[in-house]
Structures are given as C-alpha cells and as structure tokens.
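K.L.:
for reference, the sequence and a predicted model appear below.
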2 protein chains.
Amino acid sequence: MLTERQLLILQVIIDDFILTAQPVGSRSISKKDVVTFSSATIRNEMADLEEMGFIEKTHSSSGRVPSEKGYRFYVDHLLSPLSLSNDEIRTIRDAFDDKMLEFERVVQKSAGILSDLTNYTSIILGPEVFETRLKQLQIVPLSAQSAIAILVTNTGHVEHRAFNIPVEILSEDLEKMVNILNSRLQGVPLVKLHEKLHTEISDLLEKHTQHHEKAFSYLKAALMDEHSTKLYIGGKTNILRQPEFRDLEKVRSLYATIEKENEMADLLRSEEEGIHVKIGQENSFDAMQNCSLITASYTLGDDQVGTIALLGPTRMEYNRMFSLMNVLSKHMTNTFRGWY
Amino acid sequence: MLTERQLLILQVIIDDFILTAQPVGSRSISKKDVVTFSSATIRNEMADLEEMGFIEKTHSSSGRVPSEKGYRFYVDHLLSPLSLSNDEIRTIRDAFDDKMLEFERVVQKSAGILSDLTNYTSIILGPEVFETRLKQLQIVPLSAQSAIAILVTNTGHVEHRAFNIPVEILSEDLEKMVNILNSRLQGVPLVKLHEKLHTEISDLLEKHTQHHEKAFSYLKAALMDEHSTKLYIGGKTNILRQPEFRDLEKVRSLYATIEKENEMADLLRSEEEGIHVKIGQENSFDAMQNCSLITASYTLGDDQVGTIALLGPTRMEYNRMFSLMNVLSKHMTNTFRGWY
DNA sequence: ATTTAGCACTCAGTTAAAGCGAGTGCTAAC
DNA sequence: GTTAGCACTCGCTTTAACTGAGTGCTAAAT
C-alpha cells in the first residue's frame, strides 16, 4: 500500500506532467509548497513508486513520467473533482440555450463544444436504433421518371432517397401504394422494416396489379439502405496540437483508426453507462496506444443510450474532462428529455 | 524567347522535381537519354533559365527547383496531355456505374474518388442555388407539440427542420396552411422564398384566424435557415502525405483555411468555366503559398455550374490531374444531364 | 530509524568542428 | 558552340566536447 507521502508525490508528478508534458524531477517536486521534505527524500520515494510501477523514467537519468498504471491509479483514487470555470459553464449553457429540436443539431453542436473546450477530439455516437420507429413515409414526385422517398421516424429523423419510377407506373398508383404502406408500417421499428416489408408484400400483390411489384421493389431499395448509427466527430485537427503527436506517422494512423466508423462505433457502443476512461493499452487499437478515451453516456427518451467520447493523449486533464463531460451529457439528456 | 534546348531542360527539371521533390542537378539531367549534351552545357543553360526566373536554387550550390513562374510556363506551354491508366479509368467508370440519383451522393462520391486517385485534397462546390425551386413543402407531426417541416426542391434536395407547434394551433390548421403555402410557393426559387413569404403573408392573415400568424412565424423560422451552397471535401488527411507539409504549423494553417467554408466557396465560385490552375502566390490565401489549386467546372441541368477543385503542393502532377479532373467533371455533368 | 546534504555518475541535447558529396561557375581546350 | 576539368560552395552527417537536469548512493544529521 502507498503511504500518504507517496500518494502526494505521485499526485504532484502526474499533475505536473499533465500540465507540462515534461518528465518531473525530484527537485522541482520539492519546490512545491505542499511538499515539505527534501529532494533526496523524494528521490527515495520515487524509486519506490517506480518499483511499484506507477512511474517510469524516459532514460536512466531523467525525471519521472507517469506509467499507464500510474494514470489508472490517479484516475481511480487521486482525482479531485474540479468545478468548471464560469467561462466554460457559460459556453455550454449558451449553446444549449437556443431551442434545438433536432437530434443531429444537438449532437453536432455538443461535439463542437466539447472539442473546442478541450482541444481534444470529440466523438459522439447516436443511440441504438432499436427503438426508432417509422412515423411516416412520403413520396414527392420530381418528374415523370423520378421521385423522392422520404422516411420520417418518431425521433424526428429524416431520411430520403431518390429513385426511378418505372415507366408503366402512374403516380396515382405510387400514391396508393404509399398510403397502404403508411397504414401498415406506421410505428414499426426501423430494424424490423425489412422483414415487415416482406410479409406485407404478398398482401399488396394480391390486392393490386403486377405493376406494383416493380414499383415496390424500387421503393424498397430506396428505403432499405443503411439506417446505421452515425458518428459525429468534432475537432479532428485538434490532434495536431498535442505535443505527443509531433510525429506525422502517428497522426496518420490515428486518423485512419478514427475513420473506421464501424469499429469506432462498436468500441463506443461497448461502453457501459456513466463516465469511464480507457488508458493507453487498455484501448484495443494499436494507434491508440498513447491515447486515452473518456466516454460518458447520455440518454434519449426513456431508455435509448448514446455515448460521447473524448480522445486525447494519455496525458489528459482528467478531472476537467470528467466535469465537462458530466455537465455536457446531462445537458444533452435534458434537452432530449420528453422528446418522444 | 526560349530555345528548344532550354525548353527541354526546363521540362526535364520540372518533371523530375514533380516526381522526386528533390532539387535537380545538371549531371542527373545529362543522364536522361532524351538529353544528348553534357552537364556543363546544361549548367550554362540552367544559369540562363535561372536568370529568366523559371528555376531557382535552394542554396548557392544546390540543384535547381522550379519557380512559380516556371510552373506557370510549364502548365501553359509544356504540358503533354497524359492519358489515364486503365486502373484509373476503371475506378471512375465503376463509381459512376451504379445509378446515383441524388446530387449529394454523386458529389460525395466524386470527391472521394478524386482524392483517392490523386492523394491530394479534393473540394467540390455545388452549383449556385439561383435556379433551385421549391417543389413541395410537407409537415409531419411528431407529437402534439412538435412537427417536422420538410422542404423538397426541384433538384431533389431535401431539407428538414423540427419546430414547436404553439398550443393553440390544431394540426388541421397547420395542414391547411401548408396546403396554401404549397399552392402559392411551388416553383418559387429558394432564394426568393423569403421575400415571397412576406408578400403572401398578408393574404393569409386576412383569410384566416390570428393563430396562423404564430404558426406561420414558427414555420418560417424553420424553413428560412441557410440554403447555402455546401462544400464537399475529400481526402483531408492526404495533405499529411506530402513532404512539403512536414511542418505541422503549415498543415494547421492550411486546415484552418480550408475550413473557412464561406471564403473557400467564394474562391471556387470565382473561377471561370473549364480547367484552371492557381499556382502558389496566385492564390489569395497565405496558407496556400506553397499550394496549387486546380479547378474544373461541371454542369448541372442546363446552366447551373459547379466547381470541383484539387488542392496540393505546387509540385503537382499537373498533366495527370488535368486528365483526371477533365474526365471526372464530364462524368458528373453526364450523370446530372437531364435530371431537371 | 528517518531525513538530508553532498557527490559521483548518467545521458539527452546542444554546440562546434571536420569531412563528405552533390552541385555550381568558370576557364581553357576541343 | 560544346565540353572537360577544377576550384569552390554549402547543406548534411558524423564526431567530439560540453552542459545541465536528474539520479543513486553514502555518510552525516536529526
């Protein structure tokens, strides 16, 4: 177990390193006024802390740098909650002040705020689509040969897709069909739309002419695209600000990782509710070796959970980040509350 | 005026530098088998070319590097048209093979292809919205208090916006209003929508109850957002591949410039039809000092003109880029042909 | 038994000097 | 007009010396 003094020293080292990104030496620790003992004593303690694996040297005669184990301990035990500055509070409040009524806008804005306030890269994952249901289907004819199918969900999400109208189909037929589909499919969860379409199709075909078959297949193709959960990313170029990413190769590989939308989404999805951190190696991706990923959950409606995440170097201002993400996720949840 | 030999030497220097990014020396030029004369002769000629401002030294005893004037001359007079490789042709053809019916998709895909094929950053500007007209307005009620306004244009573009329904308004009223608006506004150019709304408003108010006023103002707010021409950017991170952007500060400032959507859009908009290059200083932005911007126009419908652009270091493979952008813009124009 | 002062040692980083090599400009011969 | 030859330039790379922040260890002080 760590003594009080070791705890203090570890805290000072990590705080200092987070601020300066420079290895911390015994002398600079002894200069802090919370520290009353000499640099020699600190050196002894540091040797112990190093043996226990909380800190490391970058070379034999360098100051100490937190190890991942050190960060983990820091996050778990040494984090003093930090209250946000007035500026930060104001920024967030103002952003949520003007009534936003669309999920996309809220999320986009949140991602922007988070990355601006932190200088890291923010990633927001929408909630699972399990619960999203079809609200209405609409067809807007553009010309004799083409039309746009518009799909509106109960969450206010709108998807649309242009498609060709086979020549033999009249616009009244199309309209009739949409009416039927609407009456049958309203309230159906999007994920079940495909299967439902298949079961409904037989009814429709019996009742109507063969022309419907073709129009229907077109319409289906138009609507059955991906309803995948999208990732919203903010402050991508902030990565370039971090001294640990001086190396372009690292930046490149990190970008490559972030851009794998599916894998990123899976990663975020797998997080539990509440605020969590994955430090360095705890992240599965190689390119994230020197990164920490802080995740927090927000709630949309009663039970749909989404994730906001912050990607930065392991040397992050964890306590400020925690406060920020906490406040932001609450704002998001509040904004969404009672929407559906 | 330049002699044949000087032209040849200039050509070889620029071709070589484009390939290697290294200053080109007289000896390496003399080794090419199109070159029959000795390095000493070449040195003399290079001295002349330098005096005329077509090439430069990076230091007193270095090989030569093309100056911006050199690039300009090269682009204007020395460019041998290059036919694309089969791979490139296939990539483009395949991409345009599956019938895309939405402007956004086509443009997004084109930007992707262009940046993938070139390893530079592609920027595509949509056509002016002058001609875009309202096709249909629709309201989908989500709940008693909220609804989504959907606006479809004759170009198949869909915009939507959620808005609150004031308590005193019934959904029938809303519906009635949308019907009226549709009958009045169909075919109105989007840019005139705002003014038109103001002239129509008096009619409406006379004919109907005061409640409409409030609903109308909400609806108006929902629809009157920006219909600004969007920029589609592809291969942003390709910038990092270029050796001239080893310096993170340059990358940062270039990103900052690109992300100023409005200024970028203005820049592209100001280009004339056809293919053009702006080399280095010819670009107004400071951050683009070492960059060239190649622009090409495409046509949508009969007269709406948009711009595709390629941003890279001045040391670009101009001839390949010209061919690519030529082919791509034609493909785009073809795809759009007869849509509206 | 801790704590601390003192000192030898380590090592990244900086500076300075030396050597290398790609390239030039000039001159004199072809 | 062209070319071979040669002295010269200058960015790079290597090597060596120096600096300074920092360590570990020992012995004295508390």
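P.N.:
Right, received. Where do you want to start?
K.L.:
for DNA strand C, what's its nearest residue on the stretch 51-200 of chain A.
P.N.:
Residue nearest to DNA strand C within the stretch 51-200 of chain A: residue A:61 (2.7 Å; C-beta to the nearest atom of the strand). C-beta: built from backbone N, CA, C; applies to glycine.
K.L.:
may I ask you to confirm that that residue belongs to a helix?
P.N.:
No - per DSSP: H, G, I helix; E, B strand; the rest coil, residue A:61 lies outside any helix segment and is coil.
K.L.:
what about the stretch 51-200 of chain A, any weak spots by pLDDT?
P.N.:
Along the stretch 51-200 of chain A, the model assigns pLDDT under 70 to residues A:129-130.
K.L.:
close to DNA strand D: what parts of it are there?
P.N.:
A:57, A:61-64 (C-beta under 7 Å from any atom of the strand).
K.L.:
again, 10 Å this time
P.N.:
Listed as neighbours of DNA strand D in the stretch 51-200 of chain A under the rule C-beta under 10 Å from any atom of the strand: A:51, A:55, A:57-64.
K.L.:
most neighbours among those residues, which one?
P.N.:
residue A:64 (28 neighbours; other C-beta atoms under 10 Å in any protein chain shown).
K.L.:
can you pull up the bridge partners for that residue?
P.N.:
Beta-bridge pairing for residue A:64 (DSSP bridges): residue A:24, residue A:57.
K.L.:
how much space between the residue of the stretch 51-200 of chain A closest to DNA strand C and residue B:237?
P.N.:
38 Å (C-beta to C-beta, to the nearest Å).
K.L.:
try residue A:138
P.N.:
38 Å.
K.L.:
got it, and residue A:24?
P.N.:
34 Å.
K.L.:
which of these two has more residues huddled nearby?
P.N.:
residue A:24 (24 against 19).
K.L.:
who's in contact with that one?
P.N.:
Taking C-beta atoms under 8 Å, 6 or more residues apart in numbering or on different chains, we find residue A:24 in contact with A:12-13, A:16-17, A:63-65.
K.L.:
can I get the residues of the stretch 51-200 of chain A next to DNA strand D in a markdown table with distance to residue A:70?
P.N.:
Output for those, formatted as a markdown table (distance: C-beta to C-beta, whole Å):
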| residue | distance to residue A:70 |
| --- | --- |
| A:51 | 13 |
| A:55 | 5 |
| A:57 | 12 |
| A:58 | 14 |
| A:59 | 18 |
| A:60 | 19 |
| A:61 | 20 |
| A:62 | 15 |
| A:63 | 13 |
| A:64 | 9 |
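K.L.:
between the residues you listed, which sits nearest residue B:146?
P.N.:
residue A:55 (54.2 Å; C-beta to C-beta).
K.L.:
check whether stretch A:240-252 comes near chain B.
P.N.:
Yes - on the criterion C-beta under 8 Å from any C-beta of the partner chain, stretch A:240-252 is in touch with chain B at A:240-241, A:246, A:248, A:251-252.
K.L.:
which of those residues fall in helices?
P.N.:
Per DSSP state H, helices hold the following members of the residues of stretch A:240-252 next to chain B: A:248, A:251-252.
K.L.:
can you select the buried ones from those residues in ChimeraX?
P.N.:
The buried residues among those can be selected in ChimeraX (16 or more other C-beta atoms under 10 Å in any protein chain shown) with this line:
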select /A:248,251,252
